[in-house]
Every structure is written in C-alpha cells, then in structure tokens.
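Show me how the following folds:
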Amino acid sequence: MTEQAVDQTQQNLSAEEVEKLRQEWVRTQFQKANRFLAEKGVIPSKVLADESRYLAPYMAIWKMESKRPSNKTYWVMSGDLPSDLVDVKVAATARDAVRHFSMMWQMQAENLVRSGATRDATQAKFAQLLVSRAESLYRMHNDDKLWNA
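Here you go, the predicted model:
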C-alpha cells in the first residue's frame with residue numbers, strides 16, 4: 001500500500017478503526033518476525049516491547065530474546081522490506097539498529113554487484129530492493145519526528 005493510499009484509507013476511518021488496523025499490522029509483523037527467526041534456527045522467548053518500534057505499514061524493529069541459541073538477544077526487522085536480524089550488540093537502540101540495517105544492506109547490495117551476481121535478473125532485482133529499502137531506512141533513522149526526539 002502506498003503512503004498516499006494509507007493516508008486516503010485513514011481519512012475514511014475512525015481513530016478506533018485506524019488503531020485496530022495498526023494493531024493487526026503489528027501482530028502480522030510479529031508473526032512474520034517469528035517465522036523468520038524459526039527459519040534461522042532461533043527460538044524466541046521474549047519481546048522487549050518497550051525497546052521495539054513500529055512504523056506501520058513500513059517496518060517493525062523488534063528487540064527479541066531467544067531461548068536458543070544460548071539466550072542471545074537480537075534486533076529483528078520485518079515489514080515492507082526483507083526480514084533480517086542482527087545481534088543486539090551492534091546497536092544500543094532501535095533507531096541505531098535501523099541505521100545498522102541500512103548500512104548493512106547497502107554493503108550487501110554492493111557485494112552482489114561486485115561479485116557479478118547481478119547478471120542474474122533475480123539477484124539484480126534483490127540488489128535494487130536492498131538499496132531502495134536501505135535508503136528508506138536511512139531517511140527514517142534521520143527523521144527525529146519518528147523517534148520522538
């Protein structure tokens with residue numbers, strides 16, 4: 001859904017309906033993050049909700065503790081972008097984690113280009129997606145209004 005479509009939809013809904021849609025989106029992203037972790041062999045045990053952030057319908061950044069492997073804590077990204085995770089040690093806050101994902105995705109895209117992998121259409125499309133989402137994340141990271149700063 002585009003930002004304009006979201007704005008138009010919200011104009012036609014009550015505050016309660018908008019909040020219900022937001023909560024449904026957050027729940028869906030939580031399930032997506034959990035599935036992603038399971039695919040990586042990580043069994044989540046707890047979400048640190050006070051440190052997690054949601055910008056519906058674009059991205060959610062979760063701080064999650066795991067049972068396995070060995071009680072680690074991760075930042076987990078989900079939303080209208082590739083799901084990903086990093087050890088919590090790389091970023092003190094959700095905002096810092098967003099910047100970290102942005103830089104990491106830029107480097108991944110650059111590595112795909114340099115390795116010649118982007119000669120494959122699927123890999124080229126993935127590299128473009130990484131760059132696009134990395135740029136969006138960087139803009140979000142720099143927007144103080146989104147972080148109550």
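
Now the element after the helix or strand bottoming out on mean pLDDT in the chain, going C-ward?
One helix or strand of the chain scores below all others by mean pLDDT, DSSP states H and E: helix 3-11, with a mean of 54. Per DSSP states H and E, helix 3-11 leads on to helix 15-39 as the next helix or strand towards the C-terminus.

what mean pLDDT would you report for that following helix?
The average of the pLDDT scores along helix 15-39 is 93.

For Gln108, which non-adjacent residue is spatially closest?
Distance criterion C-beta to C-beta, 6 or more residues apart in numbering; nearest residue to Gln108, sequence neighbours excluded, is Leu130 at 5.6 Å. For every residue, glycine as well, the C-beta is placed using N, CA and C.

who touches that neighbour in this structure?
Residues in contact with Leu130 (C-beta atoms under 8 Å, 6 or more residues apart in numbering) are Pro82, Trp105, Gln106, Gln108, Ala109, Leu112.

How many residues are close by the closest residue to Leu13 other than its chain neighbours?
Nearest residue to Leu13, sequence neighbours excluded (C-beta to C-beta, 6+ apart): Leu21, at 7.3 Å. Neighbourhood size, Leu21 [other C-beta atoms under 10 Å]: 16.

same thing with Ala92?
For Ala92, using other C-beta under 10 Å, the count is 10.

SS state for it?
What DSSP: H, G, I helix; E, B strand; the rest coil gives for Ala92 is coil.
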